[in-house]
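Novice: How does the following fold in three dimensions:
(chains A, B and C)
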Amino acid sequence: MNMYTLLSMMFQHQKEDFFFPSQASENAATVDFIFYFIFYVSLFAFITIILATAIFAWRYRRSKVGMTPEDSPHHSTTIELVWSIVPSIFMVMMFWYGFEDYTERRTAPSDSYEIQAKASKWQWEFVYPNGATSYGFVDAGEYLGKGLVVPFGKNVRIRLESSDVLHSFSVPNFRVKMDVVPGRYTDVWFKAIKMGDFPIFCTEYCGTKHSRMLSTVHVVSEEDFAVWLKENQEDPNATPVDKGKRLFAAKCTACHAVDGSVKIGPALNGKYGTTENIVGGTVMIDDNYIRKSILNPKADIVVGFENVPMTSFAGQLSDDDISNITAYLKSLTE
Amino acid sequence: MSAHDNHPEGVAHHFESASQQFDSGKLGIWTFLLTEVLFFSALFVAYTMYRNNYPEVFQFASQYLDTNLGALNTLVLLLSSFTIAWGVRNAMLGETKKLTINLIITLVCAAGFMMIKAEEYGHKFHEGTLWGGHEHSIFKLDANDVDPHMAEHSLAFNNPDGEFTAAVKDLDPEFRQKLGIFFGIYFCLTGLHGIHVLIGMILLSWLLIRNLRGEFGPKNFAAVDFIALYWHLVDLIWIFLFPLLYLIS
Amino acid sequence: MAPTTNTLDRTNYLNATKGFMSWFWTIDHKRLGLMYLWSVITCFILGGFFAMKIRLSLMPGAVDFATQTAEQMNAYNNAFTVHGAVMIFLVIIPSIPAALGNFVVPMMLGAKDVAFPRLNRFSYHLWLIGALLFVATLIIGNLDTGWTFYPPYSTGHTDPSVITAVLAAFILGFSSIFTGLNFIVTIHKMRPPEMTWFKMPLFLWAIYATAVIQVLATPVIGISLLLILVEKTMQIGIFTPELGGDPVFFQHLFWFYSHPAVYIMVLPGMGIMSELFATFSRKPIFGYRSIAMSSIAIAIFSFIVWGHHMFISGQSQLMSVIFSALTFSVAVPSAIKVFNWISTMYKGSISFTTPMLYGMSIIWLFGIGGLTGLFLATLGTDIVFHDTYFIVAHFHYVMVGSALFGFIGGIHYWWPKMYGKVVDGPLAKLGCLLSFVGFNMTFLPQFVGGSKGMPRRYAAYGSEQGFDDWNYWSTMGAMVLCAGLFIALFALLRSFFVKGTLAPANPWGGVTLEWQSPSPPPEHNFEIAPPVVGDPYDMSLVEYVSEEEGFLPVNPRSDDPCVADVKPEEA
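Specialist: Numbering: from 1, shown residues only, chains lettered A, B, ... in the order given. Predicted coordinates:
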């Protein structure tokens, strides 16, 4: 425990304050401390310059002073040095606090519990070490999916990956944020110290429904977490249709409905076995077309959806996954 | 009014003297060349970054570039730089005919450079040694995605008789993909350089026409001087490109 | 009695030649400056329209979070892209350097024109082509990448309007490069021999520093945007992760330009501040050398801090730390400038003219904009504020609050020189006041919304997210700001139609050379070389003459026609 961790205790607050949402992670108080340190220094500087401006403006107004002011120095090395060096000292402090905090928050402790977060347009999918999965996004104002569930009081490292464009994983209550970059892994870690539900935002612009790439992180006790993990593990005896339904909910529902309504893409219920108009012809919707649409969606686009190209799921869904999804779509027709 | 009456001939209205005008032009062209260098810089940084991250990819990739043609092009450009430099001297001394000859040689060299470059490009399109996103590229992450026609006849892809270090089809997928990046950078750098050569040819032709009209002489050679500087820069960039791309080992 | 140094009823650069081509094909820096000015103002109105579209659709209750359709979200995404792109590429970057700089720089130097008048005209035409292409793309296409064009979204996931947009930005970039090049050569080679570097007005120092940035940084964005273009049309792969490329690399290239670009925007505003504070305090600027040197320092430092836009982009930790430390280095020269301006007021004779009111507003606005920058240079807090409305508010305080208010202040300051009319009435002051109040109302709430986590570039916020109050006040403020700016514009336009308020050569008491030419100036700026080349801030060189409603040089040269008319009568 170093000096500023001690200082930061002064800035602990359970509830939302004027600037920040409640502190739900161990590091939050440190960030808030750095913020308030800079804030008060800046406020002092700001008040000083504004007061000086106002006082000079009033005291030396032309109607009082006349056209020719009395002589005054045009420069003063001493005073110029003072107002260069004093702010610099404060800036060195700011840098140092920020730097210490940053290195601590960028390096996950080795005992961290690791959860994978997969970002795609426009949803989050979370994969837990035991194979349990959950997802989250917002549709029609509703938060769908179970979101991210994490144990209370434990170091959690979230490994981030993106399958399409840049996203960014942000939980204001934890004071964490990290870009999700396609083609490489990034990560973020925190230790939740407050039970409850906190919002997750995508904070790197990612297209049409960027503003709906929201989810919730649920901080639960370690016991509840263990139970939750077990419940959400995939049932080995599940039928392909059930498995497909699960996958569909996690991967496809951000854009495709199964109640006949058009979201970003067409609704997919009752489509299996029918003929569909595609750009440059018609196609029978069968196992092969579904497979092709998942792996290479730009090949045969349904008429009316030319401007909203779907992202390929090649590399994200295995052959088994695809046949399970196909089984599920088939079941929606029967 | 007095300033206008005895304004020196051939000096624009806003300059006081011919030397002020010439110095301004000189500073202007040097500043412009600086922006040109920075214009290329992003690509050189891309080159440095990727080469630093994947040195073995770059080493491997350079075997597909024709070092002989590259060297020939270097000589052609060096010659053109020499003739244009001589041309500047001709202009200063008022040797109009010699200037014409030097300008023509420079232009021929530039055209020769572009023809050799076109030959190289053609060969790469034939072989499929292209950036990864091109439909005929042989550098696909999945070797099965390579255009079947290319997969059949591309020497680099199949490596018959062990002509190359290894066959592209047998490479590690990631390695193959990064080869595509090398060629992306290769085509961007040489393409951008090629565009500069073409612009240079237009400028040289303009000089040639003006010279044939007899516009240049000891008092008016600024245009020749400045365009020659530009041409030297184009040459210089190639001097960097040649070893960086062709001579990696 | 009308000032004798007003030439509206005589031949001046405005009426010397007539007809469309005499303007469109002019090489006169003053006319080009005015054409830039009005083009920029037009674009500003366009960008402002989209700003209002954004603010109105974020007004709580305007859009239902639950039922907003994908088309509506696209429309919003399009609006913020158009707003950002127009305001940055078409308004702020050319505002002070190209519009005011073109008008003022040669006159301050006592020169007849910039070094390359034809190149100057070419810059403007290039700008015009770029601007038309850009605006057409933005309005016809559905550009929704944000002004940053980040791949892989821009290259692989959105519609083809990116191609023409980056092409247009590329053309605009070259226009900017040529303008910068012209200024560098002009300032180096066109100075009168008596004007040494340290006798140059501070506006010229600022423009010089800006020009250096324009020339050094703009080519890099040019090539980067060109790469986005080839990436999108030919899948070249350098930035595309599917092809093994690196999207973060683009961010480095982009910010290598775009951070210095911030100083292209704000440095000239600072230059105007220095002129305003000296003139309206009737006192030599305090710490001339440190202001001049801080401009150069800012120009140099601006090139080594770009990584602070990328603390959470995935760049290495070490780089983030280095960039954080370097970023603070920019804060020092900026602070020095503010302290110097305030000290200039000390024991001065301060007149509250409209330009000075803008100047004093900037102390407040740049104070907030600069100080909130400290939170963003600091690693720990930047992580929290990155991509939230805290950033949005911060850069608006700097880029609008400082650069744009500087621009408007500068317009008021040089308006008499441009058009021979003084705009300094209650209406102009009301415009300034309302803009100032409206601006703070718009953006102060955004700091708080941002620190609470409100992400930027969101088409709508649900009420449960708790940002409604901040959005409400912000939208209200935007309306006040909009009203203020229109009043300011109206006051300027009104001056063409009202009689009176004719400007003398030097209505404010500036000592820089442009004030020694009549208002408006003749075609070649000065009929003879300007008579007095002294210290640019030695206020004893001019004195107030009440018949003239302005200032005149104390010891005019006998052959100065502009003053010779007046002085003998007086004597």
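Novice: Need phi/psi at the residue nearest in space to the middle of chain B.
Specialist: Geometric centre of chain B, nearest residue: residue B:193, 3.0 Å, by C-alpha atoms, centre = their mean. Dihedral pair for residue B:193: phi -60, psi -40, per degrees, to the nearest 10.
Novice: what sits against the residue lying closest to it once chain neighbours are set aside?
Specialist: Nearest residue to residue B:193, sequence neighbours excluded (C-beta to C-beta, 6 or more residues apart in numbering or on different chains): residue B:237, at 5.7 Å. (C-beta placed from N, C-alpha, C; glycine too.) Applying C-beta atoms under 8 Å, 6 or more residues apart in numbering or on different chains to residue B:237 gives the contacts B:40, B:193, B:196.
Novice: Grab the nearest non-local neighbour of residue C:521.
Specialist: Distance criterion C-beta to C-beta, 6+ apart; nearest residue to residue C:521, sequence neighbours excluded, is residue C:13 at 5.8 Å.
Novice: State the pLDDT value of residue C:531.
Specialist: pLDDT, residue C:531: 60.
Novice: Could you do residue A:56 as well?
Specialist: Per-residue pLDDT puts residue A:56 at 95.
Novice: quick one: it from residue C:281, how far?
Specialist: For residue A:56, the distance to residue C:281 equals 9 Å [C-beta to C-beta, to the nearest Å].
Novice: sec struct for residue A:236, please.
Specialist: coil (DSSP: H, G, I helix; E, B strand; the rest coil).
Novice: Residue of the stretch 201-350 of chain C closest to chain A, please.
Specialist: residue C:241 (3.0 Å; C-beta to the nearest C-beta).
Novice: what about residue C:190, how many residues close to it?
Specialist: 22 (other C-beta atoms under 10 Å in any protein chain shown).
Novice: what about the closest residue to it other than its chain neighbours, neighbour count?
Specialist: Excluding its sequence neighbours, the residue lying closest to residue C:190 (C-beta to C-beta, 6+ apart) is residue C:111, at 4.2 Å. By other C-beta under 10 Å, the residues close to residue C:111 number 26.
Novice: and what of residue B:98?
Specialist: Residue B:98 has 15 neighbouring residues, counting by other C-beta under 10 Å.
Novice: my read: it touches residue B:90, true?
Specialist: Yes - assessed by C-beta atoms under 8 Å, residue B:98 is found in contact with residue B:90 at 4.4 Å.
Novice: show me the residues around residue 187 that make contact.
Specialist: You didn't say which chain, so I picked chain A. Residue A:187 neighbours (C-beta under 8 Å, 6+ apart): A:108, A:157, A:158, A:159, A:160, A:178.
Novice: that's the wrong chain, I meant chain C
Specialist: Applying C-beta under 8 Å, 6+ apart to residue C:187 gives the contacts C:105, C:109, C:200, C:204, C:207, C:208, C:211.
Novice: now residue B:220
Specialist: residue B:10.
Novice: so it bridges to which residues?
Specialist: For residue B:220, the beta-bridge partners under DSSP bridges are residue B:217.
Novice: how about the nearest residue to residue 53, chain neighbours excluded?
Specialist: Unless you meant another one, I'm taking chain A. residue C:363 (5.0 Å).
Novice: wait, chain C
Specialist: residue C:79 (4.7 Å).
Novice: tell me the mean pLDDT for the helix or strand that that neighbour is a member of?
Specialist: In this structure, residue C:79 is located in helix C:70-85 according to DSSP states H and E. Across helix C:70-85, pLDDT averages out at 93.
Novice: Which of the three states applies to the residue nearest to residue C:492 when sequence neighbours are not counted?
Specialist: Leaving aside its chain neighbours, residue C:492 sits nearest to residue C:423 (5.6 Å; criterion: C-beta to C-beta, 6+ apart). Three-state assignment for residue C:423 (three-state DSSP): coil.
Novice: contacting residues around residue C:423?
Specialist: Residue C:423 neighbours (C-beta under 8 Å, 6+ apart): C:354, C:412, C:415, C:416, C:491, C:492, C:494, C:495, C:501.
Novice: Near residue 99, how many other residues are there?
Specialist: All of this is about chain A. By other C-beta under 10 Å, the residues close to residue A:99 number 18.
Novice: should've been chain C
Specialist: The number of residues near residue C:99, taken as other C-beta under 10 Å, comes to 26.
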